[in-house]
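Undergrad: How does the following fold in three dimensions:
(one chain, ligands or ions: 1)
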Amino acid sequence: QGGIERHQYDVIVIGAGGSGLRAAIAAHEAGARVAVVCKSLLGKAHTVMAEGGCAAAMGNLYPDDNWQVHFRDTMRGGKMLNHWRMAQIHAQEAPERVMELEDWGALFDRTQDGLISQRDFGGHRYARLAHIGDRTGLEIIRTLQQRLVALGIDVYMECTVTDLLKRDGAIAGAFGYWRESGRFIVFDAPAVVLATGGFGKAWKVTSNSWEYTGDGHALALRAGATLINMEFVQFHPTGMVWPPSVKGLLVTESVRGDGGILKNSEGKRFMFDHIPDYFRKETADSIEEADRWYEDKKNNRRPPELLPRDEVARAINAEIKAGRGSPHGGVFLDIASRRTPEFIKKRLPSMYHQFKELADVDITAEPMEIGPTCHYAMGGIEVDPDTEVSVVPGLYAVGECSGGMHGSNRLGGNSLSDLIVFGRRAGDAAASYATSLPSRPEAADDDIAAAQASALAPFELEGRENPYTIQQDLQQTMNDLVGIIREGSELERALEEVERLKERAASMSVEGHRQYNPGWHLAIDLRNMLLVGECVAKAALARQESRGGHTRNDYPGPDPEWGDKNLVLRLNDDGTGVDMTEQALPAMPDDLKKFFEE
Ligand code: FAD
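TA: Below you'll find the predicted structure:
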């Protein structure tokens, strides 16, 4: 490997979204030599697309809000499958992390009194999302990026990591390639922080961009780490359904948070017909009460449009199935009849432009057509809640690629706060691990050669299969058989189909050279998507109940038997698939249990 470019660091952060940038800043401030590696351009990570806001119980609008209420909302939103300690840390530390962003220059929207303004989102008892119009992610990324650059942290852009390197069971570095030249690169580092985001690109209709191929999930599995909660995939209730070229593109929950309502083809505000018993006590049961809530949250209950996402997505799905859908197969989301054009344009500028430009719909004058879209991965790499280290020494995970924090369903706004809270913790812990090691594990030449051979394999094969067709078939399979409503027989078919796709992928070949070759890049990413697809289908088949982002037609309700355990996945012995085991949830201490007693 004499010719391979090679760099030495203490900590390598893979991913330049909010979690990766926050981790890199923390590791740098803790005295480590750090680099960030990302497969797209700096500033292009998924985080930049986040619209609605970042949840933090600052109490700026409602002094009754505090970390305990946020903790309770988060656990109930996740149907109690969250790791309690992660939910606790998250609720306690989010306000401080948001204030820190402000210190670093983030310009949040303000209350009348000049405090950081907070907006309503589903499942949150109080308005608590710090936001910048509907472009919150953009401002957070801008702020973190500026700080990263000011601190002089190295960034490797358009560089994809394809393997993690280990020595004697511990992390020794990472192996990747430059997307433009196709040349290989090795990072020697005893600590790696995975911050690679989700895996929505394995589904056909999704709000996710091309980057979300589950790379971090697959890298972790192949390095010996474990994944949890993989059966829980969040389908956001409101994605665009028309025109076909933008099907799945997100319509932010802020539309409902700011007063938007859902109607079916009969003009009925149907969410009142879909309030589950679990949330009945805290949900308005009349239009009058729901509408009063926007002004007076203390004396009224929240509108059913702001139930957690899994509930709203299922309700929309049911209306469409019952034949009460909109012309293009969705339902109507109406803010035009509820708020003035000035209000809508000020609070939701991106949504206004998105619909005007892409669908020729003026949302200040007419309703939008929307439907569920695959949006967020609750499942991810199992980590220690305090340090974000996985079971592999030196391997950390943070953000959407980590698991546990959100249980079976994430509340809106809780991802951006997750990124900054756990990003900081992971960066700190990785730096202190790396800088205190008496000696550093060094990657073996054979392992680097194996990583290289594996990356080049698609050029060596002479099969007739091409990666684009396999990806399309996988996306269709996941959409049809592992979608929003699932069934045992369909999940079995999905697993068989994934096996067939894996066989086809083994004879997949790519043409051309290593210089910017998207077919080759996809062939590499596809291995990850297939592995992740298998994990989701396998866990979904095993969990014989409905809970959060996992709904089984054949097991329609939650089952207490399943309410206290996770499914844990790891790579099988020959590396061809995954094994799964059940694991008890960690016991919540009594002083936290009391929040759920009534
Ligand atoms: P990302 O921001 O996705 O970053 C992943 C990084 O990993 C990228 O830099 C990518 O290039 C890199 N990467 C991936 N694989 C590799 C590899 N193999 N090698 C090198 N680099 C790699 N959440 C909220 O809380 N509030 C919201 O309002 C909100 N709105 C959203 C709107 C949209 C349209 C979407 C899609 C999501 C929204 N979310 C929201 C969710 C939230 O934005 C994401 O969960 C979050 O940004 C994920 O951040 P991350 O740091 O984990 O990963």
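Undergrad: so how far is Q118 from the closest residue to L21 other than its chain neighbours?
TA: Leaving aside its chain neighbours, L21 sits nearest to L144 (3.9 Å; criterion: CB to CB, 6 or more residues apart in numbering). C-betas here are computed from N, CA, C, even on glycine. Distance from L144 to Q118, counting by CB to CB, to the nearest Å: 21 Å.
Undergrad: picking up where we left off before, so which helix or strand takes in the residue nearest to L21?
TA: helix 136-151 (DSSP states H and E).
Undergrad: Could you pull up the contacting residues of E369?
TA: 240-242, 326-328, 330-333, 361 (CB atoms under 8 Å, 6 or more residues apart in numbering).
Undergrad: Kindly recompute the last result at 6 Å.
TA: By CB atoms under 6 Å, 6 or more residues apart in numbering, E369 lies in contact with 241-242, 326, 328, 330.
Undergrad: The stretch 151-300 of the chain against the ligand: which residues are in contact?
TA: 160-161, 195-197, 207-208, 211, 215, 250 (CB under 6 Å from any ligand atom).
Undergrad: Identify the residues contacting whichever residue of the stretch 101-250 of the chain sits closest to the ligand.
TA: Of all residues in the stretch 101-250 of the chain, G197 sits closest to the ligand, at 2.8 Å by CB to the nearest ligand atom. By CB under 6 Å, 6+ apart, G197 lies in contact with 17, 46, 212, 400.
Undergrad: which regions of the chain sit below the pLDDT cut-off?
TA: 1-2, 598 (pLDDT under 70).
Undergrad: what's the neighbour count on whichever residue of it sits closest to the ligand?
TA: In the chain, the residue that lies nearest the ligand is G17 (1.9 Å; CB to the nearest ligand atom). By other CB atoms under 10 Å, the residues close to G17 number 31.
Undergrad: what's the answer for L395, then?
TA: Around L395 there are 25 residues (other CB under 10 Å).
Undergrad: Kindly list the main-chain dihedrals of it?
TA: Dihedral pair for L395: phi -110, psi 120, per degrees, to the nearest 10.
Undergrad: Beta-bridge partners for it, please?
TA: V192 (DSSP bridges).
Undergrad: for it, what are its contacts?
TA: L395 touches 171, 192, 225, counting by CB under 6 Å, 6+ apart.
Undergrad: ok, back up a step: pick out the most distant pair among the contacts of E369.
TA: The most widely separated members of the contacts of E369, counting by CB to CB, are W242 and S326 (8.6 Å).
Undergrad: give me every residue that touches T206.
TA: Per CB under 6 Å, 6+ apart, neighbours of T206: 200, 248, 373-374.
Undergrad: quick one: which helix or strand includes T160?
TA: Here T160 is assigned to strand 159-167, by DSSP H and E.
Undergrad: Dump that strand to PDB, restricted to CA.
TA: Extracted in PDB, the C-alpha atoms of strand 159-167 (Å, rounded to 0.1, in the frame of the first residue of the first chain):
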ATOM      1  CA  CYS A 159     -14.500  11.400   0.600                       C
ATOM      2  CA  THR A 160     -16.400   8.200   1.400                       C
ATOM      3  CA  VAL A 161     -15.400   5.800   4.200                       C
ATOM      4  CA  THR A 162     -15.900   2.200   3.200                       C
ATOM      5  CA  ASP A 163     -14.300   0.300   6.000                       C
ATOM      6  CA  LEU A 164     -13.200   0.700   9.600                       C
ATOM      7  CA  LEU A 165      -9.800  -0.700  10.500                       C
ATOM      8  CA  LYS A 166      -9.200  -2.600  13.800                       C
ATOM      9  CA  ARG A 167      -6.300  -4.100  15.600                       C
END
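Undergrad: sorry, back to before: now tabulate the contacts of L395 in TSV and tack on neighbour count and distance to S390.
TA: Converted to TSV, the contacts of L395 look like this (neighbours: other CB atoms under 10 Å; distance: CB to CB, whole Å):
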residue	neighbour count	distance to S390
I171	26	9
V192	33	10
A225	24	4
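Undergrad: ok so, going back, turn the contacts of G197 into a markdown table, columns for distance to A365 and secondary structure.
TA: A markdown table is the format used below for the contacts of G197 (distance: CB to CB, whole Å; DSSP: H, G, I helix; E, B strand; the rest coil):
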| residue | distance to A365 | secondary structure |
| --- | --- | --- |
| G17 | 35 | coil |
| H46 | 31 | helix |
| Y212 | 34 | coil |
| E400 | 36 | helix |
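Undergrad: Out of these, who's the most crowded?
TA: E400 (33 neighbours).
Undergrad: contacting residues for that one?
TA: 197-198, 377.
Undergrad: now with 8 Å?
TA: So E400 contacts 17, 19, 46, 197-198, 376-377, 380, 415 (CB under 8 Å, 6+ apart).
Undergrad: Likewise for K297?
TA: 62, 125-127.
Undergrad: Report the beta-bridge partners for the closest residue to A443 other than its chain neighbours.
TA: Spatially, and ignoring its direct neighbours in sequence, A443 is nearest to L165 (3.9 Å; CB to CB, 6+ apart). Beta-bridge partners of L165, counted by DSSP bridges, are G173.
Undergrad: these two touch, right, L165 and A189?
TA: No: look at L165 against A189 with CB atoms under 8 Å: they stay out of range, at 9.1 Å.
Undergrad: Assign L333 to one of the three secondary structure states.
TA: For L333, the assignment made with DSSP: H, G, I helix; E, B strand; the rest coil gives strand.
Undergrad: What's the local residue count around it?
TA: Neighbours of L333 using other CB under 10 Å come to 25.
Undergrad: try P556
TA: P556, neighbours per other CB under 10 Å, totals 10.
Undergrad: Need the phi and psi values for the residue nearest to it when sequence neighbours are not counted.
TA: Leaving aside its sequence neighbours, P556 sits nearest to S546 (CB to CB, 6+ apart; 5.6 Å). Main-chain dihedrals, S546, degrees, to the nearest 10: phi -120, psi 130.
Undergrad: In contact with S546, which residues?
TA: 552, 555-558.
Undergrad: ok, K263 - contacts?
TA: Taking CB under 8 Å, 6+ apart, one finds 269-270, 331-332, 334, 367 in contact with K263.
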